[in-house]
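**Student:** predicted model and sequence below, questions to follow.
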Amino acid sequence: MSIKILLADDHKIVSDCLKPLINKQPDMMVVGEAENGRMVVALAQKLNPNVVIMDISMPDLNGIEATRQIIAKCPGVRIITLSMNSDRRYVTGMLNAGASGYLTKSCSFEELIRAVRAVAANKTYLSPDISDIVIKESLSRPSTEKSSVFSTLTMRECEVLQMLAEGKTVKQIAVKLCLGIKTIYTHREQIMKKLNIHSTADLTKYALREGMTSLTGG
């Protein structure tokens with residue numbers, strides 16, 4: 001039986017390059033492609049892939065939050081991060097969200113295929129440089145370390161925060177999430193209260209610093 005793979009990357013050239021190479025593997029098949037986090041969550045529920053190859057910095061919903069939602073809604077789906085980012089916050093964020101693998105985009109295609117087969121077999125796969133980051137993080141983490149944004153805010157609050165940081169208005173967010181404008185204002189107030197931040201500009205800076213969104217993609 002083929003390993004069904006869903007590709008999620010906001011740079012279409014990445015999916016266009018990976019898809020034919022993956023489909024040449026005798027035991028793999030790309031069943032879908034997504035260009036943003038919200039789309040990959042919807043496709044994961046619709047297509048039920050075995051593995052999602054997930055970028056982190058995507059519009060509307062970043063890879064960390066998309067991973068959290070997929071793991072919650074589709075427990076059997078395994079997720080591999082494929083990102084330009086190897087910063088500790090991104091690595092720990094994705095692993096804490098439930099990703100089973102993490103590779104940087106400097107990896108070889110052969111390593112990506114090894115990772116897919118590993119996570120499809122319910123194993124974990126981390127490239128050597130990522131393993132070093134995880135080990136160092138585990139050894140150096142103080143017991144009093146503050147919670148990450150993803151454990152401080154609810155899933156919905158994370159979605160609203162990312163879209164605010166991307167410059168969307170309250171009305172645009174309400175339409176996107178099919179919610180009332182008053183509800184979005186309430187979410188924004190709760191976010192500011194929880195984070196002790198009191199302006200949209202500072203919320204944007206915070207979201208960038210925490211890896212929820214990116215000005216350059218990745």
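**Tutor:** Done, it's in.
**Student:** ok, now how distant is the residue nearest to the spatial centre of the chain from V40?
**Tutor:** Closest to where the C-alpha atoms of the chain average out (CA atoms, centre = their mean) is G63, at 1.3 Å. The spacing between G63 and V40, counted by CB to CB, to the nearest Å, is 8 Å. In short, each C-beta sits where N, CA and C put it, glycine included.
**Student:** and what of D87?
**Tutor:** D87 is 21 Å from V40, by CB to CB.
**Student:** ok, back up a step: find the residues that touch each one of G63 and V40.
**Tutor:** A8, M54 (CB atoms under 8 Å, 6 or more residues apart in numbering).
**Student:** helix or strand right after the longest helix along the chain?
**Tutor:** Of all segments of type helix in the chain, defined using DSSP state H, the longest is helix 181-195. Under the assignment DSSP states H and E, the closest C-terminal helix or strand after helix 181-195 is helix 200-209.
**Student:** buried residues, stretch 152-172. List them.
**Tutor:** 153, 156-166, 168, 170 (16 or more other CB atoms under 10 Å).
**Student:** how distant is that stretch from the center of its chain?
**Tutor:** Relative to its chain's centre, stretch 152-172 lies at 15 Å (CA atoms, centre = their mean, to the nearest Å).
**Student:** pretty sure I79 is touching Q69, no?
**Tutor:** No - between I79 and Q69 there is no contact under CB atoms under 8 Å: 10.9 Å.
**Student:** neighbour-wise, which of those two wins?
**Tutor:** I79 (27 against 22; other CB atoms under 10 Å).
**Student:** what mean pLDDT does the helix or strand harbouring that one get?
**Tutor:** According to DSSP H and E, I79 maps onto strand 78-83. The average pLDDT within strand 78-83 is 96.
**Student:** and D87 and V40? Which one has more around it.
**Tutor:** Shown here are D87 and V40; by other CB under 10 Å, V40 has more neighbours (30 against 14).
**Student:** which ones are touching the more buried one?
**Tutor:** V40 makes contact with L6, A8, A34, V52, M54, M58, A66, I70, according to CB under 8 Å, 6+ apart.
**Student:** count of residues packed around the third one?
**Tutor:** It stands for A34. By other CB under 10 Å, 24 other residues sit near A34.
**Student:** which of the three states applies to the residue nearest to it when sequence neighbours are not counted?
**Tutor:** Using CB to CB, 6 or more residues apart in numbering and skipping the chain neighbours, the partner closest in space to A34 is V40 (3.7 Å). Recorded secondary structure, V40: helix (DSSP: H, G, I helix; E, B strand; the rest coil).
**Student:** report the residue ranges of every domain in this structure.
**Tutor:** 3-140, 149-209 (automatic domain parsing).
**Student:** what sits up against stretch 199-214?
**Tutor:** Contacts for stretch 199-214 (CB under 8 Å, 6+ apart): 56-57, 62, 64-65, 85, 87, 89-90, 93, 148-149, 158, 161-162, 164-166, 191-192, 195, 197, 215.
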